[in-house]
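Undergrad: predicted structure and sequence below. I'll ask about it afterward.
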Amino acid sequence: MEEGQNDVSYKRFRRRMTQRSSREGPSAASTPLATGRQCEPSFDFDPVCQRLQLDDSPPRNHELSSYPHEIPSGEDVFRCGAVMRPNTPRIITAMERPAPENALEQGWVWRAAVQEHGHGQETGSGGSRHDLQPFAVLDKAYVGVQGKSVMKLAAPALLNDYYTNLLDCSCNGLIALALGSSVYLWDSETCILVGSLKQSPQPGSQHCHTPSISSLCWSRDGRALCIGTRRGEIQLWDVEHKQTIRSLPSHLSVVRALSWKQQLLSSGSVLGRIHHLDPRAPVPLVGAAVQQEGICSLQWSPGDDQLASGSTEGHLYIWDGDIAGFTRSRQPISTMNQPSAVKAMAWCPWQSKTIATGGGWEDCELRIWDTDSATCVTSANTNSQICSLRWAEKKRCLVTGQGLPQHSVTCWTWDCPSLSPIHQLTGHSHRVLHLALNPDCTQIFSAGADQCFHIWDM
């Protein structure tokens, strides 16, 4: 009797699923996408990439579940406008394509600073944080004092996320700072806001929200700004002409880090995929690599012969400079370990094969590594979470942005093997998430979880 009841239940279940499928349309896993979601047919994705599944497809359920704090919403796993929820099995088919380029371009708008309201005025520290405009002056010290910031500016809506990379300074001294789903450009020489690059919902998509920006990076010549979002989109923006260079289809998940190798762009995602892109090529994806854990930092060495990628599980991987090809068997040439995520990371500009990393809450250690021998040359305990790290080449020092208890910016001298702090700059009330330096290394820029942007004299 029980067997008969089970058979009836199964038939009822199968009938309901069949009816639901007919109402909701065909499955994207086995049939073409519906007309409303179909990607531009003229975009021909490299068949080699399709066969080798290099489109950043999500791993199995247990792999996605290991990042609960890094995938807070459905916007983090994305393909062709359709949201993939975490822990949803997925079958790769040849019908899937990256999002059409023109669809992404329509969602970005440039606004000159004159269209903003009151950016340049000094508001004082007593103003309401919600009423402040980006880069509004909160406090200004006309005479620089050691340990005190020269200027304190507003950075409202700055995402308090340890794994983001939202601040960079170009070789021309132009600051790019991502606040929410917008990027603001501020001239560090004139202290004037240039304008902002904003995302807007697609025409006709009333229920679509704009994804927040997760990473950005200037090209080495300072002409192009690369922006990565939590939906896996990568946007190249021509700053001089205020127009889109190209919208690159890349990842299915959060673009955590970006780095340039001459004219090539490398991107890393929360799912551990590294994509090498040539924006000049009809099919931009020219190479790829895969690491086991999510990527939270990515940087090419000064000589472009090695690529470093930091993982959420405390691994620092070093890859060789040969990026061509799509084989999944590609392995790093060396691996170094630390007890916490390798998010704060930077190559030494004047010492070949040398890289610095900063530890998180479980570690608090600042380390200098020799990538040839894969060994730690020296280290120093900071007694705080290291959120960001930069080398000041012309000052021959290292700068770290830290969390509790001081929320400080610390300058270090490295005279191998000695690593010693020389200045501790305090002023932030929460952890210092991002750091940047101007081209001549005379100023440090810091952005913190207190939604403040500080300028410090070196």
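TA: Received, thanks. Numbering: from 1, shown residues only.

Undergrad: wait, Asp450 sits on Ser429?
TA: Yes. Counting by CB atoms under 8 Å, Ser429 is a contact partner of Asp450 at 4.4 Å. In this view, the C-beta of every residue, glycine as well, is placed from N, C-alpha and C.

Undergrad: which neighbours do these two have in common?
TA: Common contacts of Asp450 and Ser429, defined by CB atoms under 8 Å, 6 or more residues apart in numbering, comprise His407.

Undergrad: what about the two, which has more around it?
TA: Neighbour comparison, Asp450 and Ser429: the larger count goes to Asp450, with 20 against 11 (by other CB atoms under 10 Å).

Undergrad: who's in contact with that one?
TA: Counting by CB under 8 Å, 6+ apart, Asp450 has contacts 407, 428-430.

Undergrad: and what of Gly427?
TA: Going by CB under 8 Å, 6+ apart, the list of residues near Gly427 reads 148-149, 152, 452, 454.

Undergrad: just Ser418 next, same as before
TA: Thr378.

Undergrad: could you number the chain from 63 rather than 1 from now on?
TA: From this message on, residue numbering opens at 63, which makes the last subject Ser480.

Undergrad: sorry, back to before: ChimeraX command to pick out the buried ones of the contacts of Asp512?
TA: In ChimeraX, this line selects whichever of the contacts of Asp512 come out buried by 16 or more other CB atoms under 10 Å:
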select :469,490
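
Undergrad: pretty sure Val461 contacts Thr475?
TA: No. Between Val461 and Thr475 no contact is recorded; they are 11.1 Å apart, counting by CB under 8 Å.

Undergrad: overlap in contacts, the two.
TA: Counting by CB under 8 Å, 6+ apart, nothing touches both Val461 and Thr475.

Undergrad: compare these two and say which is more crowded by neighbours.
TA: Per other CB under 10 Å, whichever of Val461 and Thr475 has more neighbours is Val461, with 26 against 14.

Undergrad: and the contacts of Gly489, which two are furthest apart?
TA: Lys210 and Cys514 (13.8 Å; CB to CB).

Undergrad: neighbour count: the two, which is higher?
TA: With neighbours defined as other CB under 10 Å, Lys210 and Cys514 compare such that Cys514 has more, 25 against 16.

Undergrad: show me where the stretch 163-312 of the chain has its strands.
TA: 170-174, 199-202, 213-216, 229-231, 236-241, 244-249, 254-261, 275-280, 286-291, 295-300, 305-311 (DSSP state E, counting those that start in this stretch).

Undergrad: out of those, the one nearest Thr504 is which?
TA: Using CB to CB, the strands of the stretch 163-312 of the chain put strand 229-231 closest to Thr504, at 11.9 Å.

Undergrad: thought His313 was touching Ser328?
TA: No. Look at His313 against Ser328 with CB under 8 Å: they stay out of range, at 11.9 Å.

Undergrad: what touches both of the two?
TA: With CB under 8 Å, 6+ apart as the test, His313 and Ser328 both reach His337.

Undergrad: looking at the two now, which is surrounded by more residues?
TA: Set His313 next to Ser328 and count neighbours by other CB under 10 Å: His313 wins out with 29 against 24.

Undergrad: show the pLDDT at that one.
TA: pLDDT for His313: 92.

Undergrad: count of residues packed around the closest residue to it other than its chain neighbours?
TA: Counting by CB to CB, 6 or more residues apart in numbering, the nearest residue to His313 once its immediate chain neighbours are dropped is Gly294, at 3.7 Å. A count of nearby residues for Gly294, using other CB under 10 Å, gives 29.

Undergrad: could I get the strands of the stretch 163-312 of the chain as CSV with mean neighbour count and distance to Ser363?
TA: Formatted as CSV, the strands of the stretch 163-312 of the chain follow (neighbours: other CB atoms under 10 Å; distance: least, CB to CB, whole Å):
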stretch, mean neighbour count, distance to Ser363
strand 170-174, 14, 31
strand 199-202, 17, 37
strand 213-216, 22, 32
strand 229-231, 22, 18
strand 236-241, 24, 22
strand 244-249, 21, 26
strand 254-261, 19, 29
strand 275-280, 25, 15
strand 286-291, 24, 18
strand 295-300, 21, 22
strand 305-311, 20, 23
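
Undergrad: so which of these is nearest Ser321?
TA: Of these, nearest to Ser321 by CB to CB is strand 275-280, at 6.4 Å.

Undergrad: still on that earlier bit, now the residue nearest to His313: how far from Gly383?
TA: 25 Å (CB to CB, to the nearest Å).

Undergrad: Asp249 now?
TA: Asp249 is 34 Å from Gly383, by CB to CB.

Undergrad: one more: Ser258?
TA: 36 Å.

Undergrad: now do the strands in the stretch 413-520 of the chain.
TA: 416-420, 427-432, 437-443, 448-454, 459-464, 471-477, 480-487, 494-499, 505-510, 514-519.

Undergrad: now those strands in CSV, with mean pLDDT and distance to Ala174?
TA: Listed next are the strands of the stretch 413-520 of the chain as CSV, based on pLDDT from 0 to 100; distance: least, CB to CB, whole Å:
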stretch, mean pLDDT, distance to Ala174
strand 416-420, 98, 37
strand 427-432, 97, 41
strand 437-443, 96, 45
strand 448-454, 97, 30
strand 459-464, 97, 30
strand 471-477, 95, 31
strand 480-487, 94, 33
strand 494-499, 98, 23
strand 505-510, 98, 22
strand 514-519, 96, 20
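
Undergrad: Ala175 is nearest to which of the ones you listed?
TA: strand 514-519 (15.7 Å).

Undergrad: in a markdown table, list the strands of the stretch 163-312 of the chain along with distance to Gly387.
TA: Shown next, in a markdown table, are the strands of the stretch 163-312 of the chain (distance: least, CB to CB, whole Å):
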| stretch | distance to Gly387 |
| --- | --- |
| strand 170-174 | 32 |
| strand 199-202 | 50 |
| strand 213-216 | 45 |
| strand 229-231 | 29 |
| strand 236-241 | 32 |
| strand 244-249 | 33 |
| strand 254-261 | 33 |
| strand 275-280 | 24 |
| strand 286-291 | 23 |
| strand 295-300 | 21 |
| strand 305-311 | 19 |
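
Undergrad: out of those, nearest to Arg452?
TA: Across the strands of the stretch 163-312 of the chain, closest to Arg452 is strand 229-231 (CB to CB), at 9.5 Å.

Undergrad: what pairs with the closest one, parallel or antiparallel?
TA: strand 236-241 (antiparallel) (DSSP bridges).

Undergrad: next, the angle from the strand it pairs with to strand 494-499.
TA: Angle, strand 236-241 to strand 494-499, by axes from the mean of the first three to the mean of the last three CA atoms, to 10 degrees: 170 degrees.

Undergrad: who touches strand 236-241?
TA: 196, 217-221, 226, 228-232, 245-250, 256, 274-275, 278, 280, 284, 287, 289, 301, 498, 507, 509, 515.

Undergrad: one more time with 6 Å, if that's ok
TA: For strand 236-241, the external contacting residues (CB atoms under 6 Å, 6 or more residues apart in numbering) are 196, 219-220, 228-231, 245-250, 275, 278, 287.
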